[in-house]
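A.B. asks: Need the 3D shape of this:
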Amino acid sequence: MKNIFFGLLVVFFAFLSCSTGDDELQRVDQILNIYMKNKAGRDLFHQKKDLTYFTYSFNDVNGVADLAPVSSTLKATTDSTLFIEYIAGAKRIGIDTLNPDNKIYRSQITVALIKRLNNTILDTITEDLKIDYRMTPSVFEVSKVYYNDTLRFSKQEGSPNVVTIVK
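C.D. replies: Modelled structure (predicted):
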C-alpha cells in the first residue's frame with residue numbers, strides 16, 4: 001500500500017511538471033543604437049584631425065545615488081561610423097502598468113556630451129534621454145525614444161531601434 005501511494009504521488013508530480021508546449025516565449029528587443037551627427041552628416045563621435053568631436057557619459061536619473069553611471073558601448077559600423085549601443089542598466093519606472101497585457105516602463109538618462117578638440121575639453125553639454133518600453137505577454141521592446149523631450153523614435157514592427165541625433 002505504501003509503494004502504491006508513493007507511485008501515485010510520483011505520477012501526480014510528474015503530471016504537474018509536464019508542459020503542454022503551448023507556453024509562449026516573450027521576445028526581447030531592447031538594444032538601442034544612438035548616432036550623433038552634424039547637419040552635414042559627419043559622425044560627431046569620430047575624432048578627426050583639427051575637428052571637434054564628442055565623448056559621452058550616461059547617468060541614470062532614477063538611480064539609487066546622484067551619480068549612477070549607466071553602461072553602454074561605443075561601436076562602429078563597417079564604414080567606421082561610431083554609435084552608442086545601449087542595452088540596459090538604467091532603472092525602469094512604471095508609467096502605465098494597469099493593463100497586464102500592455103505595460104509601459106520608462107528609463108531616464110542624463111547624457112553628458114563632452115566636446116573636444118584633440119585632447120582638449122571645450123565644453124560639456126547635458127541633455128536628456130527618455131526610453132519607453134512596452135511589455136506584453138509576447139514582447140518586451142523599446143517603443144519610443146525622446147531626446148530633450150522631442151520624440152525621436154517610434155517602434156515599427158521588424159525595424160531596428162536606431163536613433164539619429166543631429167546637432
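A.B. asks: where do the strands sit along the protein?
C.D. replies: In the chain, strands defined by DSSP state E lie at 27-29, 32-37, 52-60, 73-76, 82-86, 93-96, 103-117, 120-135, 139-147, 150-154, 162-166, listed in chain order.
A.B. asks: State the mean pLDDT of the last one.
C.D. replies: Put plainly, it is strand 162-166. Averaging the model's pLDDT scores along strand 162-166 yields 97.
A.B. asks: Rebuild the strands of the chain as CSV, extending it with mean neighbour count.
C.D. replies: From N, CA and C alone the C-beta is placed, and that goes for glycine too. Shown next, in CSV, are those (neighbours: other Cβ atoms under 10 Å):
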stretch, mean neighbour count
strand 27-29, 13
strand 32-37, 19
strand 52-60, 17
strand 73-76, 11
strand 82-86, 19
strand 93-96, 12
strand 103-117, 18
strand 120-135, 15
strand 139-147, 18
strand 150-154, 14
strand 162-166, 16
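A.B. asks: and residue 73, what is it in contact with?
C.D. replies: The contact partners of residue 73, by Cβ atoms under 8 Å, 6 or more residues apart in numbering, come to 84, 85.
A.B. asks: What separation do you get for residue 67 and residue 135?
C.D. replies: Between residue 67 and residue 135 the computed distance is 28 Å (Cβ to Cβ, to the nearest Å).
A.B. asks: meant to ask about residue 127, not that
C.D. replies: 26 Å.
A.B. asks: Pick out the residue nearest the middle of this protein.
C.D. replies: Geometric centre of the chain, nearest residue: residue 87, 4.3 Å, by Cα atoms, centre = their mean.
A.B. asks: what's the closest non-adjacent residue to that one?
C.D. replies: With Cβ to Cβ, 6 or more residues apart in numbering as the measure, residue 31 is the residue that lies nearest to residue 87, at 5.4 Å, once sequence neighbours are left out.
A.B. asks: Just confirm the one you found contacts residue 84, I think it does.
C.D. replies: No - applying Cβ atoms under 8 Å, one finds residue 31 not in contact with residue 84, separated by 11.0 Å.
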